[in-house]
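Novice: Have a look at this prediction, sequence included:
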Amino acid sequence: MTKHHVTTTVNGDAVEFLCEAHETLLEVLRDGLGLTGTKEGCGTGDCGACSVTIDGRVVCSCLVLGVEAEGKAIQTIEGMAAGTRLHPLQRKFLEHAGLQCGICTPGILVAARSLLERNPDPTEEEVRYWLAGNLCRCTGYNKIIDAVLDAAREMRGADHA
Amino acid sequence: MTSERVASKGLSTGARCPARVIFTGDFSDRYTGSVREFEIEANNLRGVIKKLDERYPGLGERLEKETTVAIDGEIHEVDYSQPVRPGCEIFFIPKIEGG
Amino acid sequence: MPDTMTFTKKELRVVGTRPVRPDGVPKVTGLARFGADYSLPGMLWGRILRSPHAHARIRSIDTSKAQALRGVKAVMTSADLPEQKFEYVGPERVAVNFWHMTRSVMAREKVLFEGHPVAAVAATSKTIAEEALGLIEVDYEVLPHVIDVEDAMKPDAPLLFEDMITRGIEPAPDRPSNISKRIELKIGDVEAGFAAADEIVESSFKTAPVHQGYIEPQACLARFDTDGQAELWASSQGHFVIRALSARLLGMDIGNLRVYPAEIGGGFGGKNVPYVEPVALVLARKSGHPVKIVLSREEVFKGCGPAAGSIMTVKIGIKKDGRIVAAAGVFKFQAGAVPGSPVMNACMCAFSPYDIPNVRSVGYDVVSNRPKTAAYRAPGSPISAYAVESVIDMAAARISMDPLQFRLKNVAKPGTPTVWGPKHAHEGFAETIRALMQHPAYTTPLNKNQGRGVAAGYWFNNGGESSAAVHINEDGTVLVATGSSDLSGTRASLAMMAAETLGVEFDKVRPTVADTASIGYGHLSAGSRTTFATGIAVVEACKKVIGNLCARAAMIWDVNAEDVVWDGGCARYTGKKSGEFEPLSLKAIAVKKSVTGGPIVAEVSVNAGGVAPGFAAELCDVEVDPETGAVKVLRFVTAQDVGRAIHPSYVEGQLQGGAAQGIGWALNEEYIYDEAGRLTNAGFLDYRVPVASDLPRIETVLVEVPNPNHPFGVKGVGEANIVPSLAAVANAVSRAIGQRMTELPMSPPKILKAMNGGR
């Protein structure tokens, strides 16, 4: 099968890869590039575990073809911490016990970061609706919502400082 | 289901205060000819199981594999060293496993 | 109003605090490795061919074309697994019959449900593996099928097993049926009890099968050496159990199989048994290459056990003053394609919260052409509690008594007999109900179309076999290794108990989940047992290490070991020459390890008993939209006796997660079959688990009535919380619409129908 050559950016780094036409971005990230932080929960865009951003927009990477990454900027969970410094959302998830098994966590963090970039001061309801595409089966969402709201608070404070 | 009480003299050595051992109906139907209750004198579960096995050969292994034990309501795994106090009530119940 | 109310007693240094979990950072950075995240050089991709039919005889399977496809390295069928003896092994509630189990992993004579595995391939790419599946020719003789319990119990129902005679009936029936087993438990004189009752309330109920819905599909990686030794990386609730069952299914020695625990992306009971592991092992053995299998979500729904569906009838008799004098329940459970629903649990737990002198529970385990059911959070108990707690609610209403007061009046106490024999031995039920009664939510007024429901529930909790090793490193840091899979933060709770016992800081203790070659046996992380039973092993290992440290301190001081005690993280001399020796810290002793006997290690294995049951009481407020029948959960409060919360945040998380799953079970979730017996909603779009916007905040009340049999009072927290949830929601909806809802899920069409008088 002919493979396509794709030039893209992943977490700020230039990346080239070869993929078959039917391969999803999720498969390319996990199996091709070894970035297994992005998870597959359903493969049909229903659970959000594979959330990444493409040019700043949250997508389910299981619904995007690898070839569609051409010329785009992809951000995955692996690029969320700034080197050794965790993103406030990552820290707040740990402090608030916003994860139990942790399989949904990468997708939720990616989606939540995207929310806070658009809306630094969301209400609880806005957080709940924004994250409605990300399934978590362990937590009942309470502590996830707490973590996002607390991270938003901290990030707003940092902006004002 | 038989729930009659059958005193089982052969297992008690005339002790002052033997333990009272009870099976579920289903278990007694299968293994002890529907005898559900026994009075057994023993210091630990090993002794209880040993005496039951002497009376019903093969029963000991069934108890070890298939049951959890409640001693005066406290639920324990079937473990030989589990102490048996005089006069206590021992239920062999179906083993418990969760999600 | 904070979400959490805690009733704590004795203050401890570490236990009861909320540190960041030690395995947390890799989980927020994407570096934690789950089942699907392992790879090996030369690895192949395994895929499973599944039955398109609900019920069919397999006339033949021709794999030759698949085998010939370039890139295909192995093809397997059931012929690659040894036949197993037909025998129920182990306790009846959870009996394993390997004859059935090997057929669940890979069909033999017949396929028994849509999605039943019939063959598997391993190939150099996913694409080739998928293509190869299409080349396998299976000749099926399609048979009539049966999906629902009522239909499966009919005398003329299609039989899954032509020779299955119902167990538990005397004399044994002379005809085979789909009823695998009948169970009856009773105490007292039920007929006399009902005759003495002033009021009798009876109703029948139906629940749909639901899936655990763990977000991580089953996944594993296997390699098999030519000398017969194999390694397996798998996400499961117990790698020792996966090892034992896989080895048995392959006919290999346990000693030749080493299983590494991957991080597990949710289990809830669904990952207690192997599905993909034996298949990957066989493919690896046949191909000579490592093989990875990752299931799709559709395969998870169709092929990996959901929880049972049921039909139930419950009757209770009460006195005018609210005392329950008799109760009877009939519980008919779908086992799926193989015997073994949790109906025994249902029968045992159903009336356990209450002091009722005359009780009978009858259960039926019924096979039908659905995937074999698997455990799901307090397996069986939420289902029977839904029926019992609904009838309790109706009874309280009948005599105009407050529903929590009614429950409190009848609540079981130490000494109360259970229907399954022993008397209750632990406190905590009444305390939990009282805690919920005192919660401000219970007296908040409601508006039009709104209703409030309450319910209570019981779960055994489990003890059992666990192992732990404690290593003191030369710099005074501590390693705690156990064989218990960590689903939800147990590394944190185990490390906290170790830090508390040893008297060191939490961040000096590093917990790991060790593989099957690196630690003694650990049973499943199931039954809410890990923090309880493995916790006992950890604390015992710490005590053993402390004894060792004290002996070494005595050696350093050149005094008698009896004169040394461990206190506040230090060895202290208590003998006559007191004052001469400065206390020795753990670190100070560790530094001297070489000259005091070498490495400082203790390993302890236990078969932990003395488990105390879990008890939960919950409140749910709902609003029903009279136009659409849609239910909005406005408020949910869950109170549970947790014994003692080691890490309160993760304990609250258990309560919240259990409630959320219960709400989904009550309102949305169900397996829907078409006429051909095919599952029509095998995806998260159509099988709707609750999302963040569906739920309110779930408020928790941690009731702490310590278990005296655990060093820190732990009772087990993972499961009791889901037991009352179904009934709490159902009671709320029933009050909101003024009609008793007797079928789950309470989807909008069903509610509209009920509101419109059945039309």
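Specialist: That came through fine. Residues are numbered from 1 along each chain as shown, chains lettered A, B, ... in the order given.
Novice: so what's the residue in the stretch 351-500 of chain C positioned nearest to chain B closest to, chain neighbours aside?
Specialist: Using C-beta to the nearest C-beta, residue C:425 is the residue of the stretch 351-500 of chain C that sits closest to chain B, at 3.0 Å. Every C-beta, even on glycine, is put in place using the N, C-alpha and C of the backbone. What sits nearest to residue C:425 in space, not counting adjacent residues and going by C-beta to C-beta, 6 or more residues apart in numbering or on different chains, is residue B:73, at 3.0 Å.
Novice: circling back: quick check: the residue of the stretch 351-500 of chain C closest to chain B is in a strand.
Specialist: No: counting by DSSP: H, G, I helix; E, B strand; the rest coil, residue C:425 falls outside a strand, being coil.
Novice: Could I get the CA-only coordinates of the longest helix along chain B as CSV?
Specialist: Using DSSP state H to define each element, chain B has its longest helix at helix B:45-55. Only the C-alpha atoms of helix B:45-55 are listed here, as CSV (Å, rounded to 0.1, in the frame of the first residue of the first chain):
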residue,chain,number,x,y,z
LEU,B,45,-10.9,-24.1,62.0
ARG,B,46,-8.5,-26.9,61.2
GLY,B,47,-10.0,-29.0,63.9
VAL,B,48,-13.5,-28.2,62.8
ILE,B,49,-12.9,-29.1,59.2
LYS,B,50,-10.9,-32.2,60.2
LYS,B,51,-13.8,-33.5,62.3
LEU,B,52,-16.4,-32.8,59.6
ASP,B,53,-14.2,-34.5,57.0
GLU,B,54,-13.9,-37.6,59.2
ARG,B,55,-17.7,-37.8,59.4
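Novice: Would you mark the buried spots in it?
Specialist: B:45, B:48-49, B:51-53 (16 or more other C-beta atoms under 10 Å in any protein chain shown).
Novice: now stretch C:275-290
Specialist: Neighbour count says stretch C:275-290 has C:275-287, C:289-290 buried, by 16+ other C-beta under 10 Å.
Novice: Summarise which helices and strands the longest helix of chain B is packed against.
Specialist: Here helix B:45-55 touches strand B:19-23, strand B:37-40, helix B:59-66, going by 3 or more C-beta pairs under 8 Å, 6 or more residues apart in numbering or on different chains; DSSP states H and E.
Novice: helices and strands of chain B: which one bottoms out on pLDDT?
Specialist: Lowest by mean pLDDT, DSSP states H and E among the helices and strands of chain B is helix B:25-31, with a mean of 76.
Novice: which residues are contacting that helix?
Specialist: For helix B:25-31, the external contacting residues (C-beta atoms under 8 Å, 6 or more residues apart in numbering or on different chains) are B:1-3, B:23, B:34-36, B:56, B:58-59, B:62, B:66-67, B:92, B:94, C:92, C:168, C:170, C:183-186.
Novice: Show the buried residues in those.
Specialist: Buried among these by 16+ other C-beta under 10 Å: B:23, B:34-36, B:59, B:62, B:66-67, B:92, B:94, C:92, C:168, C:183-186.
Novice: would you say residue C:278 is within a helix?
Specialist: Yes: using three-state DSSP, the assignment for residue C:278 is a helix.
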